[in-house]
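A.B. asks: this is the structure alone, sequence omitted:
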């Protein structure tokens, strides 16, 4: 008999299984669930992108590309980033096309972290950072952000967690799950703390195309920050291309040079069809992105007003496509709330603690759904709160 | 198009309160804007999109292409205005391309529509030719699928 417990990697076995898997399975098994749970756009990939992929399949041999990605795509990424965050990246030495933003996060952490290094992770946030840090032998150190600060990272919170072992700060804004953004002024405070240190930044900007009212600002734009920042971005959210699995990272040349080694050994090159399609996305689809963002904005305003009215208080998030209302009025834990809401009203939202302990007391509501869908969900949630004594105005 | 019109086009039954939330305005502002749009004639009416089959409607609908001779001074307007006076005619549009006017016509039976075309339209002065196409099935109207809701292929995948 094989004893898998002794065979399997200790790090992997110690990796926390996702607590909300069970909840997701529960939701998936039910009929007529109104889900507000997914983290991907409801829009289809714009037609011109899909058409380009079809043409590529017809015209070309689908062979590997250069390890770092098609030269033309890297150039377009450089143009796009320069336009968006006003930072110039050299397409040849500073950009790597990856399998989604996920791979970019993975190779960045692996390329930067030595065993024992501490990695500061802003929470609540996307759940993959800590497990990847652990696999690299690093120590994840969460920094809890607070609702009263609209879930922004403050300089004080950052300073408190820095030690001489701190290697990297993971800065995920616009934020999943809170919808928080960091303005230039907010980022300037953070930059000030980091300026005279050796601490690097992993800026996960996968939602950067989705900000409302304010333009996205990257920490890489600020003085002295580009040289210590790996910017991660991708096509999934902005262009509604989740299933195409394509993202990228922009990093200083000495960093990118090392990261591309990991990429070449584990991936070789990112999906070729997707890379060609992504060129079209960057060149031709700006107005499609605008159209989608405009639609998200309408839904965002509707949900924020609706939740505040029924006593699930939430600040007005300025990015991504999530609202993060408080459920503390109900006296329930996040998981309790979500399970009861699912069982009684067939509405699925994600418990806030899935994104770190500091998310307890909140739920993540995605508005990557049609207004009709959202309005039905609000009706059901209102009924649920009336039954469970949520406070009303 | 402004955001208010865009929203009303997708769902004209949104309440002023809902529209106010969605557009970041007050209910009063929405009410005023809609009133202005209505009095100025920008909004001409509100209607429902119906699955005629489920509604057990027996009406038939036809698309009719018309080639006509434009009149001196008033071009196609004169004949278009005459045609649109008939109750059977639902829409009248001036077209570019192979023919001039496109109509949709409704009637209780194929025969009724056919008779309308042959007796009323073809006989009209200035009408050179007609082509009648009966609608067999409607899949989508004004951006809305008639027979089924779009399937959401996404599932709650962890992590994301």
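C.D. replies: All right, it came through fine. Treat the numbers as computed from the prediction; the structure is a model and nothing was measured.
A.B. asks: identify the bridge partners of the residue nearest to residue A:163 when sequence neighbours are not counted.
C.D. replies: Spatial nearest neighbour of residue A:163, chain neighbours left out: residue A:118 (6.1 Å); criterion: Cβ to Cβ, 6 or more residues apart in numbering or on different chains. Bear in mind the C-beta positions are built from the backbone N, C-alpha and C, glycine included. Beta bridges link residue A:118 to residue A:139, residue A:166, judged by DSSP bridges.
A.B. asks: how close does residue A:118 get to residue A:40?
C.D. replies: 32 Å (Cβ to Cβ, to the nearest Å).
A.B. asks: and these two? Which one has more around it.
C.D. replies: Neighbour totals were compared for residue A:118 and residue A:40, and residue A:118 leads with 21 against 18 (other Cβ atoms under 10 Å in any protein chain shown).
A.B. asks: show the backbone phi and psi for residue B:6.
C.D. replies: Phi and psi for residue B:6, reported as degrees, to the nearest 10, are phi -60, psi -50.
A.B. asks: number of nearby residues for it?
C.D. replies: Counted with other Cβ under 10 Å, residue B:6 comes out at 13.
A.B. asks: if I look at it, how far off is residue B:23?
C.D. replies: 10 Å.
A.B. asks: swap in residue B:48?
C.D. replies: Relative to residue B:23, and taking Cβ to Cβ, residue B:48 is found at 23 Å.
A.B. asks: so for those two, which residue has more residues nearby?
C.D. replies: Remark: of residue B:48 and residue B:23, residue B:23 carries more neighbours, 20 against 7, as counted by other Cβ under 10 Å.
A.B. asks: correct me if wrong: the more buried one contacts residue A:299.
C.D. replies: No. Look at residue B:23 against residue A:299 with Cβ atoms under 8 Å: they stay out of range, at 11.5 Å.
A.B. asks: identify the bridge partners of residue B:132.
C.D. replies: Applying DSSP bridges to residue B:132 gives these bridge partners: residue B:64.
A.B. asks: hmm, it is touching residue B:114, no?
C.D. replies: Yes. Taking contacts as Cβ under 8 Å, residue B:132 lies within contact range of residue B:114: 7.0 Å.
A.B. asks: quick one on the thing from earlier: ok, the residue nearest to residue A:163 to chain B distance?
C.D. replies: Applying Cβ to the nearest Cβ, to the nearest Å, the value for residue A:118 to chain B is 22 Å.
A.B. asks: what sits against that residue?
C.D. replies: The contact partners of residue A:118, by Cβ atoms under 8 Å, 6 or more residues apart in numbering or on different chains, come to A:138, A:139, A:140, A:141, A:163, A:165, A:166, A:167.
A.B. asks: ok, how many other residues are close to the first one?
C.D. replies: Counted by other Cβ under 10 Å, the residues lying close to residue A:138 total 23.
A.B. asks: same deal with the last one?
C.D. replies: Residues within reach of residue A:167, counting by other Cβ under 10 Å, total 20.
A.B. asks: so what's the gap between the worst-scoring helix or strand of chain B on mean pLDDT and the chain middle?
C.D. replies: Sorting the helices and strands of chain B by mean pLDDT, DSSP states H and E puts strand B:144-145 at the bottom, at a mean of 87. Strand B:144-145 sits 14 Å away from the centroid of its parent chain (Cα atoms, centre = their mean, to the nearest Å).
A.B. asks: thanks again, I'm all set now.
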